[in-house]
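In: just to be clear, the model below is a prediction. Sequence and coordinates:
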Amino acid sequence: MPVLDFGGVESRIITQSGLMDRDRFDFRVCTFWKRGEAARQVEALGVRVDELGTDPSPRNPRALRRLAEYVFDRRIDVIHASVLEANLQAALVRRIPGAPCVAIEEVGMPVRSLRTRALFGAVYRLADVVVGVSQRTCDAVTSQHWLPAHKVRLIYNSLNPRYLEPPMPTAQRERALVLAVGRLVEVKNHETLLHALARLPPEVRPRLDIAGEGPLRTQLQARIDELGLAGDVRLLGFQRDVRRLLDEADAYVLSSFSEGTSISLAEAMARARPVLASRADGIDEAMVGYPNGWQVEPRDVEGWADGLRRLAALGSTDRRELGEKARRLVEARMSPSIWRRQLEALYSELAARTQARRARLTTRLGGRLAAAALGSTR
């Protein structure tokens, strides 16, 4: 990871840190640049977090050198890289003789120019495996970057087991409370959600809590004030305990233009909350089997307004039935036990490849040394 602070990938790493079999794997987490909240949570689970102390940018040659020193000094057998800069540096390390096998993770839905697709394809071909977090992601990686299908693996993200504990019933309240969780960035499409909320008359308008931090916070707060939503919308900032927020909410909304596999959506479904989400890549797959009518085109302000109105009007029975349906779907698709089994099988396979390659390298080097020794005695 370039930075280990907060976000979907960081949530996945925290979950993995609590699930890995420590008797089979010496599992550790490494960040190039900065430690943060996620690093503290990983260490609290007893997993070591190492910091390379350098900018992972491709323009920084020290990044590749530091990563190479790290993996060779510790005899790492498998690198599982996430996020663009880490993926690139790990792929380049793979070129060094005796380097560990590399799994690169694609967590989004890549939409790139032809030149960028060629560049990424070259990087991905250096890796041993590219892990996609949804079938749509895997298909996009295969088609856009011309990778053979055997190099791409589908492994859905896992839920943190805490979210599968028995869900809490929602409290009785006059106005429904809807929660959105995600970084305050353009792809999350919070602006459309705010405009949709403003279309609703105050008497049918749900309250909206938005948990997350990011560069658009000031802009979104200005839009809230401009639309007269100050009494209806709260920007909560970064929140450590999202499960508590979900248990307090009546429903969940995800307005993103695109997702890989949204962990926040899965967490809401696991807490048996009705969901309203975009009709978009990476989200459609998570919603397979959910009742029709609860997905909206990302830019359809009127559609979002209608969806929010229907969420707010749900009676307790309909709310419970929708929530229970959501929970059953996500349990079947993103079980921690399935995810752990798939990851550990992948790591075992790649570790065996690494050891076999190192053995062949040692044999070749040994042969060259023997030939040199024989030549010196003539």
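Out: Looks like it arrived, so ask away. Numbering: from 1, shown residues only.
In: show me the strands in the stretch 101-250 of the chain, by range?
Out: Secondary structure of the stretch 101-250 of the chain (DSSP state E, counting those that start in this stretch): strands at 101-106, 129-132, 152-154, 177-181, 207-211, 233-237.
In: now name the helix or strand holding residue 362.
Out: Taking DSSP states H and E as the definition, residue 362 sits inside helix 336-376.
In: after the helix or strand of the chain with the lowest mean pLDDT comes which helix or strand?
Out: Here the helix or strand of the chain ranked lowest by mean pLDDT, DSSP states H and E is strand 3-4, holding a mean of 73. For strand 3-4, the following helix or strand on the C-terminal side (DSSP H and E) is helix 8-19.
In: is it correct that residue 125 is in contact with residue 141?
Out: No - counting by CB atoms under 8 Å, residue 125 sits too far from residue 141 to count as a contact (11.3 Å). Placement of C-beta: from N, CA and C, glycine included.
In: tell me where the model's unsure across the protein.
Out: Within the chain, the stretches with pLDDT under 70 are 1-2, 108-112, 369, 371-378.
In: quick revisit: mind giving me the packing neighbours of the helix holding residue 362?
Out: In terms of contacts (3 or more CB pairs under 8 Å, 6 or more residues apart in numbering; DSSP states H and E), helix 336-376 is packed against helix 8-19, strand 78-82, strand 101-106, strand 129-132.
In: residue 29 should be in a strand, yeah?
Out: Yes - with DSSP: H, G, I helix; E, B strand; the rest coil as the criterion, residue 29 is located in a strand.
In: name the residues linked to it by a beta bridge.
Out: Beta-bridge pairing for residue 29 (DSSP bridges): residue 49.
In: that one: how many residues sit nearby?
Out: By the measure other CB atoms under 10 Å, the count of residues near residue 29 is 23.
In: roughly how far does residue 315 sit from residue 58?
Out: 54 Å (CB to CB, to the nearest Å).
In: next one: residue 236
Out: From residue 236 to residue 58 the distance is 35 Å (CB to CB).
In: likewise residue 223?
Out: From residue 223 across to residue 58, the span is 35 Å (CB to CB).
In: quick one, which of the two is more surrounded?
Out: A count of neighbours by other CB under 10 Å puts residue 223 above the other of residue 223 and residue 58, at 17 against 14.
In: run through the residues that contact that one.
Out: By CB atoms under 8 Å, 6 or more residues apart in numbering, the contact list for residue 223 reads 191, 194.
In: same deal with the one 4 residues further on?
Out: For residue 227, the contact set (CB under 8 Å, 6+ apart) comprises 194, 195, 197, 198.
In: as CSV, those residues with neighbour count and distance to residue 3 would be great.
Out: Output for the contacts of residue 227, formatted as CSV (neighbours: other CB atoms under 10 Å; distance: CB to CB, whole Å):
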residue, neighbour count, distance to residue 3
194, 22, 28
195, 16, 32
197, 24, 32
198, 18, 35
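In: using a markdown table, please lay out those residues together with distance to residue 210.
Out: As requested, these are exported to a markdown table (distance: CB to CB, whole Å):
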| residue | distance to residue 210 |
| --- | --- |
| 194 | 9 |
| 195 | 14 |
| 197 | 11 |
| 198 | 14 |
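In: and the two most separated of the residues you listed?
Out: Farthest pair in the contacts of residue 227 (CB to CB) is 195 and 197. Separation: 7.4 Å.
In: where exactly do the helices run in the stretch 101-250 of the chain?
Out: For the stretch 101-250 of the chain, the helices defined by DSSP state H, counting those that start in this stretch cover 114-126, 135-144, 190-199, 217-226, 242-248.
In: what about residue 125 and residue 141, which has more around it?
Out: Just comparing residue 125 and residue 141: by other CB under 10 Å the higher neighbour count belongs to residue 141, 24 against 14.
In: contacts only, for that one.
Out: Residue 141 touches 106, 110, 124, 130, 132, 147, 152, counting by CB under 8 Å, 6+ apart.
In: mind doing that once more with 7 Å?
Out: 106, 110, 130, 132, 147, 152 (CB atoms under 7 Å, 6 or more residues apart in numbering).
In: same question for residue 104.
Out: 81, 87, 90, 91, 124, 127, 130.
In: from those residues, list the buried ones, please.
Out: The neighbour count (16 or more other CB atoms under 10 Å) marks 81, 87, 90, 91, 124, 127, 130 as buried among the contacts of residue 104.
In: tell me what the helix or strand containing the second one is packed against?
Out: Read that as residue 87. Residue 87 belongs to helix 84-93 when elements are defined using DSSP H and E. In terms of contacts (3 or more CB pairs under 7 Å, 6 or more residues apart in numbering; DSSP states H and E), helix 84-93 is packed against helix 61-73, strand 78-82, strand 101-106, helix 114-126.
In: show me the one of those that comes nearest residue 309.
Out: strand 101-106 (36.2 Å).
In: next, the angle from that closest one to helix 336-376.
Out: Orientation of strand 101-106 against helix 336-376 (axes from the mean of the first three to the mean of the last three CA atoms, to 10 degrees) gives an angle of 140 degrees.
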